[in-house]
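[1] pasting the sequence and the predicted model now:
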Amino acid sequence: MIRRIPLIPILILLATVMIPAARAADPDPVPDPDSKVDARPDLSPISLVRRGWKDFIRAQDYMPMICTDRNSVTPHPNVVPLGYLQFENGVTLDKFHHGGDFGGSETLARLGAWRHGELRLQAPTYLTSFGDSDAFAGVTDIQLGIKQELDPPALRKKGVDIGVIAGFSVPTGSRSLTTTRVDPFVQMISFYRYRNCTLGTSHSIFMPSQFQDDPAAGPVLRRNVTYQPTVILFKHIKVGKEQVEKIDIWTEYAGLFYDQGSSVQLIDMGAVYRPVKRHQVDFRFGFGLTGEAPRAFIGMGYSWLPGRALPFYKRPVEYRYRP
């Protein structure tokens, strides 16, 4: 004998199971017309500006992290990531025994144009002197150059970075500041990082053209070959839950040894702070060790890595660039 299954209890059971499931699956339920919550977006000018500012700051806090050649004399061996554009700016005030000078904005534009390499443009810097009989005011020459990382992966894994900068100046400055010639230069940089400290050094050769007194011919324009050694020590400070290196404190020795003329040697120190990953502010001060060097100087600056300027370069950042 076949028993009949009661249908009414089964239908009630299915209804109690499927109705809550259907409500949970609906991501956008119809709002209650009596509800006081306004679902329309706030399009007021203040709200739009606030929202745009938050989105901008969020975008500026993404990798890659900015890595600059400021504000020390020693440049960094790492280059700007491929396809990215970076601006570095600053001002410096020098005090000599008789007077001093002020320079700004010391703008350097850097573009990651190929793998581990960049193009560089040093814009004219306005210089003016004060309190000296040989007063001057004007802009310096433009400098063009390239930078290339030379460190193989085996050395990079051990914390060693090696880079080279080569370039030349273009005689576009004011009459009192231009060298009137195309003057080449080359810089070799090497950094070694151990835990939260970095030891770096650079060795540079500059060939500025200068007028020199010749007993027979009078003033003659010649190249005054200049050697510049530097040594710098960084201390990296990590901040926040992510342990991001937002602060660097450093001290440095730098010298200029001319083929003709007295040497210029100095000690300086400073700090950089990155409020977000692509922005940096810096501060620097120091004093001279020789008579030709400034008695004291102070400088500050601001640098920005806006983002990718060459969108057709899709290669990602291959490794973390050390600040």
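    Structure received.

[2] how about H97, secondary structure?
    coil (DSSP: H, G, I helix; E, B strand; the rest coil).

[3] how close does the residue lying closest to it once chain neighbours are set aside get to F96?
    Take H97 and drop its neighbours on the chain: the residue closest to it by Cβ to Cβ, 6 or more residues apart in numbering is R295, 6.1 Å away. To be clear about C-beta, it is placed using only N, CA and C from the backbone, and glycine gets the same treatment. Applying Cβ to Cβ, to the nearest Å, the value for R295 to F96 is 6 Å.

[4] pull out the buried residues from stretch 187-198.
    For stretch 187-198, the neighbour count (16 or more other Cβ atoms under 10 Å) marks 187-191, 193, 198 as buried.

[5] the residue lying closest to P77 once chain neighbours are set aside: neighbour count?
    Excluding the flanking residues, the one nearest P77 by Cβ to Cβ, 6+ apart is G163, at 3.2 Å. By other Cβ atoms under 10 Å, 23 other residues sit near G163.

[6] and the helix or strand containing G163, what does it pack against?
    Using DSSP states H and E, G163 sits in strand 160-170. Judged by 3 or more Cβ pairs under 8 Å, 6 or more residues apart in numbering; DSSP states H and E, strand 160-170 is in contact with strand 142-149, strand 183-194.

[7] what strands flank the last one, and is each parallel or antiparallel?
    So the one you mean is strand 183-194. Strand 183-194 has the following sheet partners, assigned by DSSP bridges: strand 160-170 (antiparallel), strand 197-206 (antiparallel).

[8] re the thing from before, list the contacts of the strand holding G163.
    By Cβ atoms under 8 Å, 6 or more residues apart in numbering, the residues outside strand 160-170 that reach it are 75-79, 120, 141-151, 155, 179, 182-193, 208, 322.

[9] just the buried ones from those residues, in PyMOL syntax?
    The command below creates a PyMOL selection of those among the contacts of strand 160-170 that count as buried (16+ other Cβ under 10 Å):
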select buried, resi 75+76+77+78+79+120+141+142+143+145+147+148+149+151+179+183+185+187+188+189+190+191+193+208+322
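
[10] determine how far the helix or strand harbouring L48 lies from the middle of the whole chain.
    If you go by DSSP H and E, L48 is part of helix 45-60. Relative to its chain's centre, helix 45-60 lies at 23 Å (Cα atoms, centre = their mean, to the nearest Å).

[11] who touches that helix?
    With Cβ under 8 Å, 6+ apart as the test, helix 45-60 has contacts from 276-279, 307.

[12] got TSV for those residues, with pLDDT too?
    Converted to TSV, those look like this (pLDDT from 0 to 100):
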residue	pLDDT
V276	91
K277	90
R278	92
H279	94
G307	83
